[in-house]
Structure formats: C-alpha cells, structure tokens
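> Need the 3D shape of this:
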Amino acid sequence: MLRFLLRRILFGSLVIWIVATVIFILYFVTPHDPARLIAGKNATAQSIIDVKRRLGLDRPILDQYGRYLWRLIHGDLGYSYFSQQPVTSIIKRELPVTASVTLGGAILWILIGISSGVLAATHPRSFADRTVTGFALFFYSMPTFLLGELLLLGLIGEAYKIGFKFFPPGYYVGISQDPYQWFVHMILPWFTVALVTAATYTRLTRGSMLEVMGEDYIRTARAKGLRERRVVYRHGLRSALTPVTTQFGIDIGTLLGGVIVTETVFSLNGLGEQIYNSISRQDLPVIMGIATLASVFIVIANIAVDAVYAVLDPRVRLS
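Just a heads-up that it's a prediction; the model follows:
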C-alpha cells in the first residue's frame with residue numbers, strides 16, 4: 001500500500017512540474033511582452049526596460065525558468081502586477097470562500113447523487129426510477145448561473161416578501177467570524193453547485209449499480225440468505241463506487257481551482273472571481289498562481305482517489 005501511494009505521489013509531482021513548465025512557456029516564452037502590459041499603453045521605451053529589469057525579464061530564458069521553479073518550490077508565487085500584493089496573500093484571502101462553496105456543495109451532491117442513484121437502481125423501471133432519472137436529466141441540463149438566479153429570485157425574493165430572512169443576499173461571512181451567518185450565507189451556493197453536479201452522480205451510481213447487481217457474487221450473497229439491505233450497501237454499492245470516486249476526484253479538484261459562475265452569481269469574492277478579474281486586467285502572476293494551485297488540487301484529489309481505490313478494491317494495489 002505504501003509503495004502504491006509513493007508511486008502515485010512521485011507521478012503527481014511530475015505532473016505538477018510539467019504543468020508549471022507549460023504555464024511558464026505560455027506566459028514568458030510565447031511572443032508577447034509582459035513588461036509592456038505592466039508599464040501601460042503610454043509607456044516609454046525606457047520605462048519598459050526598467051520594468052523588465054525589475055522583474056528579471058531581461059535575463060536569459062533558462063535563468064528566468066530556474067528562478068521561477070526555485071520560487072515555486074519555496075511557495076513564492078510572485079507579486080500581483082495590479083495591486084503589488086504577494087499572490088500567496090491573495091490566495092490565502094480568497095481560498096476560504098471557494099473552499100466553503102466547494103466542500104459544502106460536495107457533501108450535498110454526494111449525499112443526493114448516491115442516494116438517488118441507489119434508489120433508482122434498486123427499483124428499475126419503477127415510478128421512483130423514472131422520477132429520479134427525470135430530475136437528474138433536468139438538473140444536468142440546467143446551467144449553473146440560471147439555477148443560481150432562480151434560487152435567488154425564488155427563495156430570497158419570496159422569503160423577504162413574507163418577512164422570512166433565513167436566506168440572506170449573497171456575500172461571504174467567515175466561519176471563524178460567525179459560524180451561523182457563514183452557514184446561512186452558504187446554503188444557496190451549496191445547493192446551486194450540488195443540484196447541478198449531483199445529476200452526474202445519480203446517473204453514474206444508477207448505471208454502475210445496475211451492472212454490479214447482476215454479478216455472480218451478488219446472487220451468491222442473496223442465496224446465502226443475507227438481508228437485501230446488506231447485499232445492496234455492503235457488497236453492491238462498494239463495488240459500484242469506483243466510477244463515482246473517479247468523478248468526485250475530478251470535480252473536487254477542478255472546483256477548488258475556482259467556482260467562477262457560482263461565486264459571480266452570489267457575489268462571493270473567491271478564487272473564481274479573482275481569476276476572472278485577473279484575466280480582465282492581464283495580471284499574469286495571479287493567473288499563473290491560481291492555475292498552478294488548481295493543478296496541485298487536481299493532483300492531490302487524484303492521489304486521494306487512488307488511495308480510496310485501494311480501499312474499495314485491494315487488487316488495485318498490485319496494478
């Protein structure tokens with residue numbers, strides 16, 4: 001098990017290095033001039049030279065690359081061109097918002113997706129199956145921004161008409177500042193993320209469960225007289241969770257990189273909102289920092305998925 005995880009960690013480190021190299025090439029090797037962007041439209045030739053010297057852009061490209069990797073290894077992502085703040089400070093400030101939306105939404109979409117998928121799979125072609133499948137298709141086709149707006153207009157608007165203010169308008173309150181206000185402000189963003197994402201998990205769980213429940217070992221377990229609940233959840237669901245685990249690793253890593261649409265709809269200043277603003281004003285260090293962080297999240301999520309695979313199916317450890 002330990003060797004299995006070490007191989008995955010080494011491979012993940014290689015992936016992060018490749019991603020960091022690609023990001024460096026895109027922003028510092030391809031034909032555009034970061035110094036001109038920083039200096040502004042009315043910059044003189046001398047001011048552009050001064051900016052290049054200050055940022056080290058006048059050095060040989062391999063020297064720049066070496067310095068870039070050295071700073072990256074030590075957690076130094078540079079300074080924002082726009083605000084002159086360290087990129088790490090910006091990320092530390094905005095990450096709790098994105099993490100709150102993502103992790104809370106993840107708990108909901110796992111609960112909704114797996115439970116509804118199991119319900120549909122254990123009652124195939126029934127009314128419950130058709131209802132669950134219909135709702136899954138509906139939310140799967142629903143754009144995130146539209147669902148968020150509908151929740152804002154429907155729940156907040158109607159609740160305020162009758163004087164019920166449990167769903168306050170969107171802005172972020174830190175969990176350490178006021179846990180209750182943090183919770184109530186996160187409810188609608190959580191459901192916006194969860195309902196759209198849970199549709200995928202419903203379909204994955206249903207399809208995987210239907211396949212697993214027809215296996216010989218499931219028939220053997222039933223023939224031994226085991227209770228149906230134990231057959232479904234102890235034997236069937238455990239084997240059916242492999243594709244669900246894969247999808248969860250991809251989703252959680254990607255969303256931690258920035259839940260852009262949801263944060264914009266609910267006026268939450270997280271990583272998604274930050275990277276949108278940084279792209280608008282060509283703030284390259286912030287874009288590069290968040291892109292690198294997103295790749296790290298995805299690699300960590302996939303290593304965690306591999307560890308869960310080894311628990312769900314011991315045969316994976318030998319592959």
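> Could you verify that residue 142 is part of a strand?
No - secondary structure of residue 142 (DSSP: H, G, I helix; E, B strand; the rest coil): coil, not part of a strand.
> Now do the domain split for the protein, please.
Split into domains by automatic domain parsing, the chain comes to 2-73, 91-310.
> Comparing the ones you listed, which comes out most buried?
Compared across the domains of the chain, domain 91-310 shows the largest average neighbour count, a mean of 18 (mean count of other C-beta atoms under 10 Å). From N, CA and C alone the C-beta is placed, and that goes for glycine too.
> from the middle of its chain, how far away would it be?
Relative to the chain's own centre, domain 91-310 is displaced by 9 Å; criterion: C-alpha atoms, centre = their mean, to the nearest Å.
> Let me see the mean pLDDT of it.
Average pLDDT, domain 91-310: 81.
> can you pull out the helices in the stretch 151-300 of the chain?
Along the stretch 151-300 of the chain, counting by DSSP state H, counting those that start in this stretch, helices occupy 157-161, 179-212, 216-223, 228-230, 237-256, 260-265, 271-280, 284-312.
> neighbouring contacts of the fourth one?
Right, helix 228-230. 221, 222 (C-beta atoms under 8 Å, 6 or more residues apart in numbering).
> show me the contacts for the most centrally placed residue in the chain.
Centroid check for the chain by C-alpha atoms, centre = their mean gives residue 255 as the closest residue, at 1.7 Å. When contacts are counted by C-beta under 8 Å, 6+ apart, residue 255 touches 98, 101, 102, 105, 106, 193.
> Repeat the analysis, applying 6 Å as the threshold.
residue 102 (C-beta atoms under 6 Å, 6 or more residues apart in numbering).
> How much space separates it from residue 215?
Per C-beta to C-beta, to the nearest Å, residue 255 is found 33 Å from residue 215.
> What are the phi and psi values at residue 123?
phi -130, psi 60 (degrees, to the nearest 10).
> likewise residue 86?
Torsion angles, degrees, to the nearest 10, at residue 86: phi -60, psi 140.
> how much space is there between the closest residue to it other than its chain neighbours and residue 87?
Using C-beta to C-beta, 6 or more residues apart in numbering and skipping residues adjacent in sequence, the residue nearest residue 86 is residue 79, 5.8 Å away. In this view, residue 79 and residue 87 are 7 Å apart by C-beta to C-beta.
> out of the two, which sits in the busier spot?
residue 87 (24 against 18; other C-beta atoms under 10 Å).
> What's the separation between that one and residue 26?
Distance from residue 87 to residue 26, by C-beta to C-beta: 17 Å.
> do the same with residue 107
Taken as C-beta to C-beta, the span from residue 107 to residue 26 is 35 Å.
> Likewise for residue 295?
13 Å.
> mind checking how far residue 295 is from residue 140?
Per C-beta to C-beta, residue 295 is found 27 Å from residue 140.
> One more: residue 234?
Applying C-beta to C-beta to residue 234 and residue 140 gives a distance of 29 Å.
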